[in-house]
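>>> Here's my sequence, what's the structure:
(one chain, ligands or ions: 1)
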Amino acid sequence: MTTSPGSADLPAPPPRLIAQPLSICINCKYPLHAPPEQTRCPECGTPILDPNLDSPEFLRFADTDYLRTLRTGIRIALVGYTIEVLRSFYTFAAGIYGLILGFQIGRNPGHTPPTPTPQPLTIVDFITFSVAVLLMLLLLAGWWKLTTPEPTPPDIASKPDHRAPARVWMLIYAVAWIGTSIFTMLYMTTITSTPTPSQMLIIMLPEFLVLGIAIPMYIYIMLYMKWIAMRLPDRSAYSLARPLVWAAPLLATVGACILVGPLATVILTVYLLFKLHKGISALVEARDPSDATYPI
Ligand SMILES: [Zn+2]
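Numbering: from 1, shown residues only. Below is the predicted model of the structure:
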């Protein structure tokens, strides 16, 4: 697999799979003049993301069924996120519509806002809630598969893969999110008038708790995806995942103030998952050409 540019008697080596020759470390910018057998940056230990190298850490050497499991996980997550994006657009549109409606009603002189009365839960509430919970479970199932432990990890100890903490925080997030949704839904039915400040606090606190849990969850999800990108190796996916380790949790929480933040996080995650899917699919199909190629 290694090319030897110095061999004069051989024809020119085929073009590399990457756009630019590797000259600097992707992590610390250390200039790399590494011999072919060296697979890590001598300065910071980051793997040299060159598909021409034979680093045992590369997923090219991983178990085929393990790669298939990762691929299935990405596909489940992508289906979940697609539904999530559609749902976000619907919620956003409904919110804008509600604002316009409220503005028009508010301009009407002589209008008195209706006194809130206890609203019993309707079948629509139940369906909306069930869809949201099923979507959360679908995403959790996808990520659970994508974070499956490798049956035979490579000999060389990789940097921490962040797989286990990613799993733990996803689970905590899912439980907290479902619990908060049930609590809020039931609590709202008990409010008979305009919520008092203390009632608002009871409604808002669990929401903030869920947002707080999203921060470590996104950090570990992105660290794990960065690790997968490193093992493909896919420099562009790695370069995308690296800033997202801090940008994704920021967008998902503080970005919620400008409404589109969480949606932007989902879209960036989907884009990254597509990149990982492409790389892992290529590895699986190289092993087993009969493996059906899906459009994604
Ligand atoms: Zn380095």
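>>> Tell me the first helix or strand C-terminal of the strand or helix carrying residue 187.
Per DSSP states H and E, residue 187 falls inside helix 163-188. Per DSSP H and E, the first helix or strand lying C-terminal to helix 163-188 is helix 197-231.
>>> I'd assumed residue 85 was in contact with residue 135.
No. The criterion here is Cβ atoms under 8 Å, and residue 135 misses it with residue 85 at 10.9 Å. Backbone N, C-alpha and C define where each C-beta goes, glycine included.
>>> Need the contact partners of stretch 278-292.
59-60, 62, 64, 67-68, 70-71, 74, 228-229, 232, 234, 237, 293-294 (Cβ atoms under 8 Å, 6 or more residues apart in numbering).
>>> Show me which of those is closest to the ion.
residue 229 (15.8 Å; Cβ to the ion).
>>> Spit out the contact partners of the closest one.
237, 238, 240, 241, 272, 275, 276, 279.
>>> pLDDT on stretch 88-99, on average?
Across stretch 88-99, pLDDT averages out at 81.
>>> Give me the buried positions along it.
residue 88 (16 or more other Cβ atoms under 10 Å).
>>> pLDDT weak spots in the stretch 51-200 of the chain?
Regions of the stretch 51-200 of the chain meeting the criterion pLDDT under 70 cover residues 106, 108-119, 155-159.
>>> for it, what spans make up the helices?
Under the criterion DSSP state H, counting those that start in this stretch, the stretch 51-200 of the chain contains helices at 64-107, 123-146, 163-188, 197-231.
>>> do you know which of those helices lies nearest the ion?
Using Cβ to the ion, the nearest of the helices of the stretch 51-200 of the chain to the ion is helix 197-231, at 12.1 Å.
>>> Buried residues, that closest one. List them.
203, 206, 210-211, 213-231.
>>> ditto for stretch 72-90
72, 73, 74, 75, 76, 77, 78, 80, 81, 84, 88.
>>> So which residues on this protein come close to the ion?
Counting by Cβ under 5 Å from the ion, the residues of the chain close to the ion are 25, 27, 28, 30, 41, 43, 44, 46.
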